[in-house]
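Student: heads up, no residue letters with this:
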């Protein structure tokens, strides 16, 4: 979506970067407009060959006069391009595991007027942006890809995620809905109870976003308010947050649990990483890697955490100096026998 703020009749309604009318500032900017599409498929439709669903977003133009002293002093014009995309939905039975089926969903932008020589801004203007896929199933159940059962762990690791990360969604413990998002989330994502309001970032990293908002200059805040109603809400809310609300955003631990293994590895011992995804979803990329124990730390409730450096990581020695280590629970490690 492209919004422009042309000036008044004296300027021939030529576009300007900003226009202030009756004390309210209007900016020219490019943004996105949310859309939702739904489709229903049966298992029989997608097992032998994927089903292709076409998505069409019609273009739109609008113009809104801005009235001030002496009549019309400008116009807000909005141009939204027509968009096309396809959704390919398929299913494949997992060989050797009866009852287990892999579901695939591929969303592809399809813009006939954008060639290979197009610039990134040109391509973005004709593309779906920040696409989220919500998948529900009847007469079946989804398995967690972050914490799959042991019998399905190998199949879960073989799944490919390109530009999106699927997690279980809905009430905690349910298994009928998956959310595939551009953001890395945990299973059953929730807005934190400490959050004082929506930051429209899909992951609610409240403290850092609030502090960054507070560092904006007055001119930058004014520009943000003029760009978007939701941006104005964020700026106004963050500026009015009491100190006690800001302080409670400084982190909360939700997933601590007692260790399921008895032994505590000694410093310098070798371990194999088996992250479950509960601590940091990024750690899933380290699954199966060997690591060296640098420290063992106990939490206030008696739980132990092991700080490691990843073997073969060129930054390991640099990070170990100031203590930039990776932390895992005991049940996420497998000790390696050393000669």
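Tutor: That came through, no problem. All values derive from a computational prediction rather than experimental measurement.

Student: which SSE is residue 293 in?
Tutor: Taking DSSP states H and E as the criterion, residue 293 maps to strand 290-298.

Student: next SSE after that strand?
Tutor: Beyond strand 290-298 toward the C-terminal end (DSSP H and E), the next one is strand 304-310.

Student: list the buried residues of that following strand.
Tutor: Applying a neighbour-count criterion of 16 or more other CB atoms under 10 Å, one finds 305-310 buried in strand 304-310. The way it works is simple: take the backbone N, C-alpha and C, and place the C-beta from them, glycine included.

Student: the strands in the stretch 1-150 of the chain, which residues?
Tutor: In the stretch 1-150 of the chain, the strands defined using DSSP state E, counting those that start in this stretch lie at 2-6, 15-16, 18-21, 24-27, 29-30, 51-57, 60-68, 71-80, 83-93, 101-109, 133-136.

Student: of all these, which lies closest to residue 147?
Tutor: Checking the strands of the stretch 1-150 of the chain against residue 147 by CB to CB gives strand 101-109 as the closest, at 17.5 Å.

Student: quick one: the closest one to strand 83-93, angle?
Tutor: 170 degrees (axes from the mean of the first three to the mean of the last three CA atoms, to 10 degrees).

Student: direction included, what does strand 101-109 pair up with?
Tutor: Next to strand 101-109 in the sheet, as set by DSSP bridges, lie strand 83-93 (antiparallel).

Student: quick one: the nearest residue to residue 290 once chain neighbours are set aside and residue 45, what's the gap?
Tutor: Closest residue to residue 290 apart from its sequence neighbours, by CB to CB, 6 or more residues apart in numbering: residue 311 at 4.4 Å. Separation of residue 311 from residue 45 (CB to CB, to the nearest Å): 47 Å.

Student: same deal with residue 30?
Tutor: Counting by CB to CB - residue 30 and residue 45 are separated by 38 Å.

Student: cool, and residue 165?
Tutor: Taking CB to CB as the measure, residue 165 falls 26 Å from residue 45.

Student: more crowded one of the two?
Tutor: residue 165 (17 against 14; other CB atoms under 10 Å).

Student: touching, the more buried one and residue 187? I think so.
Tutor: No. In this structure residue 165 lies outside contact range of residue 187 using CB atoms under 8 Å: 10.9 Å.

Student: pass me the low-pLDDT residue ranges in the protein, would you?
Tutor: For the chain, applying pLDDT under 70 flags the ranges 1-16, 68-73, 198-205, 250-263, 277-281, 299-302, 322, 338-339.
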